[in-house]
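Enquirer: okay, here's the prediction I keep looking at, along with the sequence it came from:
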Amino acid sequence: MEAPLPSSIRPLSPASALAFVRETRAGVLLCLAVTLAAVGLTSLEQYLTGGVWLETLVLAILLGAGLRAVWTPDSRFEVGIAFSARTLLEIAVVLLGASVSAATLSALGATLVFGILALVALTIVIGFAIGRMLGLNTSMALLIACGNAICGNSAIAAVAPVIDADGEEVATSIAFTAVLGVVVVLTLPLLGGLLSMTDMQYGVLAGLSVYAVPQVLAAAAPFGLAAIQTGTVVKLVRVLMLGPVILVLSLLFRDRTRPGGRPGLHRLLPWFIIGFILMIGLRSMDLIPQTFLLPLAAASSLLTVISMAALGLQTDIRAVARAGGRAVGTVTLSLAVLIVLGLALIRLLGL
């Protein structure tokens, strides 16, 4: 996981800040252009059909991925796209915390929280078993299982040094989480609609099955703010499982870990999750003026759309074809297990 505060948002001198703006400008403007195109298509969709069938967030991903399929942005754009896909996304999550109060957390209930923790543990075990049965080695099977069950790329990056995974294993695992993460964001709302799920039910499903914390915003958006809030909080509980999982794996694989490879405890919880929690606390204590809530929500939404455009621009849809059948089968089956277990938990708890 990243250090508590990424360098891209640390205090900069005026000269460094200017250099940073110059370095990221082209990529950010490209993401903004894709965002504006997505907004325009949403307006056209509303005008022609009288409704919105594909949300702006989804259109931003599709447009970005479509552009990447026919044109790969050169080095001028890379830093700005990466900044938009990562840091702006994280800032959006922090701002989203202002729309979540302690009442939202308490609404989940202790039973659901324990159910989420049990589901994550069970998904890791089943995902690892699937990978081994399909012929993957231990490291690759664990990377896919942990990435699938917890938080995609961040979990893979955190687990890799603990289990001494090599670069090819990490790259292949991350390629699949990038591609399938977009697939889940695009298709999960269709499943929720087919099952006639309530906002609460769908928010729980999105939080349980979407890989990255910020992507929950895109996946849950078609079902409204309540689904976004619920999904984000559920996903937060999943992310918090990364610490215990890393500690367990570090004990199990302590003889295989390279010197200095084990991450410190301070690296197990990303800064934006801490910021999200702090914003929830401020909202719960009524320390955020009511007049600020709507602008904060709007800023979070805008940054999220820009970030989804960047995510699309970073997604190589040809990665699946290059990665091999065993990995494809492991990731696909593990994801299916995660969704089925999520639906079973929702039904079991009577949500």
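Expert: Noted; the coordinates are in hand.

Enquirer: show me what the helix or strand hosting Ala118 is packed against.
Expert: Ala118 is part of helix 102-133 when elements are defined by DSSP states H and E. If you count contacts as 3 or more CB pairs under 8 Å, 6 or more residues apart in numbering; DSSP states H and E, helix 102-133 packs onto helix 138-146, helix 199-209, helix 225-240, helix 271-284, helix 325-349. The C-beta positions use only the backbone N, C-alpha and C, and glycine is treated the same way.

Enquirer: in a markdown table, list those along with distance to Ala26.
Expert: Shown next, in a markdown table, are the helices and strands packed on helix 102-133 (distance: least, CB to CB, whole Å):
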| stretch | distance to Ala26 |
| --- | --- |
| helix 138-146 | 33 |
| helix 199-209 | 33 |
| helix 225-240 | 31 |
| helix 271-284 | 25 |
| helix 325-349 | 33 |
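
Enquirer: quick check: buried residues in the helix holding Ala118?
Expert: Within helix 102-133, the residues scored as buried using 16 or more other CB atoms under 10 Å are 104-105, 108, 112, 115-116, 119-120, 123-124, 126-128, 130-132.

Enquirer: do the same with stretch 41-57
Expert: For stretch 41-57, by 16+ other CB under 10 Å, it's 41-42, 45, 54-57.

Enquirer: and it, how far out from the chain's middle?
Expert: Centroid separation for stretch 41-57 versus its chain: 25 Å, with CA atoms, centre = their mean, to the nearest Å.

Enquirer: next one: stretch 297-316
Expert: Centre-to-centre, stretch 297-316 and its host chain are 12 Å apart (CA atoms, centre = their mean).

Enquirer: buried set for it?
Expert: For stretch 297-316, by 16+ other CB under 10 Å, it's 297, 300-315.

Enquirer: ok, stretch 275-294 next?
Expert: Quick answer for stretch 275-294 (16+ other CB under 10 Å): 275-277, 279-280, 283-284, 288.

Enquirer: would you check which pair of those lies furthest apart?
Expert: Comparing every pair within these by CB to CB identifies Gly275 and Ser284 as the most remote, at 14.8 Å.

Enquirer: contacts only, for Ile174.
Expert: Ile174 makes contacts with 147, 153, 156-157, as judged by CB atoms under 8 Å, 6 or more residues apart in numbering.

Enquirer: low-confidence stretches in the chain?
Expert: Applying pLDDT under 70 to the chain flags the ranges 1-12, 51-53, 103-105, 107, 167-168, 178, 213-214, 255-270, 317-324.

Enquirer: in whatever helix or strand Thr42 lives in, what counts as buried?
Expert: Taking DSSP H and E as the definition, Thr42 sits inside helix 14-49. In terms of neighbour count (16+ other CB under 10 Å), helix 14-49 has its buried residues at 24, 26-28, 30-32, 34-35, 37-38, 41-42, 45.

Enquirer: ok, Phe252 - how many residues close by?
Expert: For residue 252 the amino acid is Leu, not Phe. Around Leu252 there are 12 other residues, counting by other CB atoms under 10 Å.

Enquirer: ok, it to Val328 distance?
Expert: Distance of Leu252 to Val328, given as CB to CB, to the nearest Å: 27 Å.
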